[in-house]
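Enquirer: generate a structure from the sequence data that follows.
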Amino acid sequence: MEQILDSLFQLNLSTDSGVQIVLYAVSALFVVISAFLLAHRNDLGWWALIMAVFAGPIINAMKYDLFALFYGIPLLLLAIFGLWRFSRFELKGKFIRKVTKSPLTITAVVGLIAGVILLVALRFNVFLISGTYLSATKEIWVMYFAEAVLFASFVLIARGVRAGWLLLAVGAIVNVVVYFILNPVLGMLGLQVFTAIAALYGFFLWRGLPAAASETEPTEEELALQAAAKAALDKLNEKNKK
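Expert: Have a look, this model is predicted:
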């Protein structure tokens, strides 16, 4: 088993860096599983995403750098939000949801951009305060933004926005390019490729989903007015009959 891991990820499990790479590889694997499950509108996909956050950012932070929890905890909350938001769709069977497609609004785009910037800032954590982040290479910046986009795309998916799948694919593809430039490790490249495939698969499967109802639910005042109007019409009809 150790030889297989070594050939795929070129690491030494006896070193801290080797363990960190394995944890992030496990995290990336759970992201792939999550994407394939969510493509089929399966609630378990959100639990897989929660496991992805635990296996990568959370465990790495608790083991090596507690400041990294500033990044890991928001990712965990993001996955929990997805689980909650998905639960608002009608349940079909045991785990499948009847997802309805929502449009990509300007508000959603602005919120997404703000969320991505916030995640990148939290990824740098204390280095952002000390100014050390300024010495980061352009590849690191691109990788951080790509990972932030990848995770943020799940917010759109949770809301039934089909474009979220394309965003997930973009994040994964950019990661493939960056990993290839920095360290072309077969295992990590393969996991990002499978993430992109899962994202495109989800985009394809969601093409036939019904659109969400555009009409908003009436308020109590509107319901009362409708009831009063109906009662008045009923009385008029009774008088006419007489």
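
Enquirer: send me the longest helix seen in the chain as PDB with only the CA atoms.
Expert: Counting by DSSP state H, the longest helix found in the chain is helix 16-39. Coordinates of each C-alpha in helix 16-39 appear next as PDB, following Å, rounded to 0.1, in the frame of the first residue of the first chain:
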ATOM      1  CA  ASP A  16       5.000  15.800   7.900                       C
ATOM      2  CA  SER A  17       4.800  16.900   4.300                       C
ATOM      3  CA  GLY A  18       4.000  13.400   3.200                       C
ATOM      4  CA  VAL A  19       1.200  13.100   5.700                       C
ATOM      5  CA  GLN A  20      -0.200  16.400   4.700                       C
ATOM      6  CA  ILE A  21      -0.300  15.400   1.000                       C
ATOM      7  CA  VAL A  22      -2.100  12.200   1.900                       C
ATOM      8  CA  LEU A  23      -4.700  14.100   3.900                       C
ATOM      9  CA  TYR A  24      -5.300  16.500   1.100                       C
ATOM     10  CA  ALA A  25      -5.500  13.600  -1.400                       C
ATOM     11  CA  VAL A  26      -8.100  12.000   0.800                       C
ATOM     12  CA  SER A  27      -9.900  15.300   0.900                       C
ATOM     13  CA  ALA A  28      -9.800  15.600  -2.900                       C
ATOM     14  CA  LEU A  29     -11.200  12.100  -3.200                       C
ATOM     15  CA  PHE A  30     -14.200  13.000  -1.000                       C
ATOM     16  CA  VAL A  31     -14.800  16.000  -3.200                       C
ATOM     17  CA  VAL A  32     -15.000  13.700  -6.200                       C
ATOM     18  CA  ILE A  33     -17.400  11.400  -4.400                       C
ATOM     19  CA  SER A  34     -19.400  14.400  -3.300                       C
ATOM     20  CA  ALA A  35     -19.700  15.800  -6.800                       C
ATOM     21  CA  PHE A  36     -20.800  12.500  -8.300                       C
ATOM     22  CA  LEU A  37     -23.500  12.000  -5.500                       C
ATOM     23  CA  LEU A  38     -24.800  15.600  -5.800                       C
ATOM     24  CA  ALA A  39     -25.000  15.200  -9.600                       C
END
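
Enquirer: show me which residues of it are buried.
Expert: By 16 or more other CB atoms under 10 Å, the buried positions in helix 16-39 come out as 18-39. In short, each C-beta sits where N, CA and C put it, glycine included.

Enquirer: packing partners for whatever helix or strand comes next after it?
Expert: Note on helix 16-39: by DSSP states H and E, the next helix or strand toward the C-terminus is helix 44-53. Applying 3 or more CB pairs under 8 Å, 6 or more residues apart in numbering; DSSP states H and E, one finds that helix 44-53 makes contact with helix 16-39, helix 69-86.

Enquirer: just the helices in this structure please.
Expert: 2-9, 16-39, 44-53, 59-64, 69-86, 106-124, 126-130, 138-158, 163-182, 186-205, 220-241.

Enquirer: and Phe54, how many neighbours?
Expert: Neighbour count for Phe54, taken as other CB atoms under 10 Å: 19.

Enquirer: equivalent analysis for Val53, please.
Expert: Val53: 24 surrounding residues under other CB under 10 Å.

Enquirer: quick one, what contacts it?
Expert: Shown in contact with Val53 (CB atoms under 8 Å, 6 or more residues apart in numbering): Ser27, Gly72, Leu75, Leu76, Leu78, Ala79.
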